[in-house]
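Colleague: fold the following and give me the result.
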Amino acid sequence: MKFMTTEIPAYLSVRAIHTAYHFPLLVSAAVGDVHDFPEIFYLHKGENHLLIDGKSVHLREGQMILYRPLAYHVSEVLGEQMDVYILSFDLESKEIESLYNRPITLSPEYRLRVMELVEFARTLIQSVPHSPEVRGMARRESATDYDLQRLGNALEDFLIDLIRAGGGKPTEEREAVAPCVVAAE
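Modeller: Numbers count the residues shown, from 1 in each chain. Okay, the predicted model is just below:
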C-alpha cells in the first residue's frame, strides 16, 4: 500500500538564542549596537526614539521592532523610564523580511506572548562575565534540550503569526484574524 505524504515547509527556523533581557531603562545617553542576528525589542512601558541605519523611528508602549541583522540601532529613552523586553536569536528565513526595522503594534495577547517568550528564555540562559571578546548569554546547567526546543518552537510560532498578520509571505496563507497589527510608520 502506498501512503500520500504532505511535506512540512520550513518557512523559518530558529537555530539559537543569544540574549534575553527584561529591564527598565532610565533616562540616559543613547547607546548604539550592531550584530549579525535579528533582535526583538519590545517596549512594554514608555516611549522610545530609535535610529535604525540612520532612519528615525518612534516606538510607543505596546510596540516592538524586529531589528534586521547588521542594522545599526540606537535607542533613546523619551520621558522618565521605559520597560523593555529584548530577545535575540539566529534565524533562517526569507519570509520575515517584511517585518524588519518597522514598528509592530501588538494586541494584548501578543504583548503577553512576547513577554512570556523572554521570561522563558531567561530561565534557560544566563549572562556570562562581561568581556570585550564575548557577549551574549550561556545555557544554564538546568536547561534541557527539550526546553530549548520548546523555546525555539514558541518563538517560531510567534514569528510566523507576525508574518501572517503583517503582510509578509506566504500571502496565500494570511489570515484575517489579526492577532496583531503591523503599523507602517
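
Colleague: quickly list what H73 is bridged to.
Modeller: Counting by DSSP bridges, H73 forms beta bridges with D33, I52.

Colleague: contacting residues around it?
Modeller: Counting by Cβ atoms under 8 Å, 6 or more residues apart in numbering, H73 makes contact with G32, D33, V34, F41, L50, L51, I52, D53, I65, Y67. (Each C-beta comes from the backbone N, C-alpha and C, glycine too.)

Colleague: so where's the protein shaky on pLDDT?
Modeller: Low-confidence segments of the chain (pLDDT under 70): 26-30, 167-185.

Colleague: where along it do the helices fall?
Modeller: Using DSSP state H, the helices of the chain run over 108-124, 145-166.

Colleague: and the ones you listed: which comes nearest S93?
Modeller: Among those, the nearest to S93 by Cβ to Cβ is helix 145-166 (7.5 Å).

Colleague: and the closest one, what's buried?
Modeller: By 16 or more other Cβ atoms under 10 Å, the buried positions in helix 145-166 come out as 148, 151-152, 154-156, 158-166.

Colleague: so how far is that helix off the chain centroid?
Modeller: Between the centre of helix 145-166 and the centre of its chain there are 10 Å (Cα atoms, centre = their mean, to the nearest Å).

Colleague: kindly format the C-alpha coordinates of it as PDB.
Modeller: Taking Å, rounded to 0.1, in the frame of the first residue of the first chain, the C-alpha atoms of helix 145-166 are listed here in PDB:
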ATOM      1  CA  ASP A 145      17.300  20.100  25.200                       C
ATOM      2  CA  TYR A 146      13.600  19.600  25.400                       C
ATOM      3  CA  ASP A 147      13.000  23.100  27.000                       C
ATOM      4  CA  LEU A 148      15.300  24.800  24.400                       C
ATOM      5  CA  GLN A 149      13.400  23.100  21.600                       C
ATOM      6  CA  ARG A 150      10.100  24.300  23.200                       C
ATOM      7  CA  LEU A 151      11.500  27.900  23.300                       C
ATOM      8  CA  GLY A 152      12.600  27.700  19.700                       C
ATOM      9  CA  ASN A 153       9.200  26.300  18.600                       C
ATOM     10  CA  ALA A 154       7.300  29.000  20.600                       C
ATOM     11  CA  LEU A 155       9.500  31.800  19.000                       C
ATOM     12  CA  GLU A 156       8.900  30.300  15.500                       C
ATOM     13  CA  ASP A 157       5.100  30.200  16.100                       C
ATOM     14  CA  PHE A 158       5.200  33.900  17.300                       C
ATOM     15  CA  LEU A 159       7.200  35.000  14.200                       C
ATOM     16  CA  ILE A 160       5.000  33.000  11.800                       C
ATOM     17  CA  ASP A 161       1.900  34.600  13.300                       C
ATOM     18  CA  LEU A 162       3.500  38.100  12.900                       C
ATOM     19  CA  ILE A 163       4.200  37.300   9.200                       C
ATOM     20  CA  ARG A 164       0.700  36.100   8.600                       C
ATOM     21  CA  ALA A 165      -0.900  39.100  10.300                       C
ATOM     22  CA  GLY A 166       1.600  41.600   8.900                       C
END
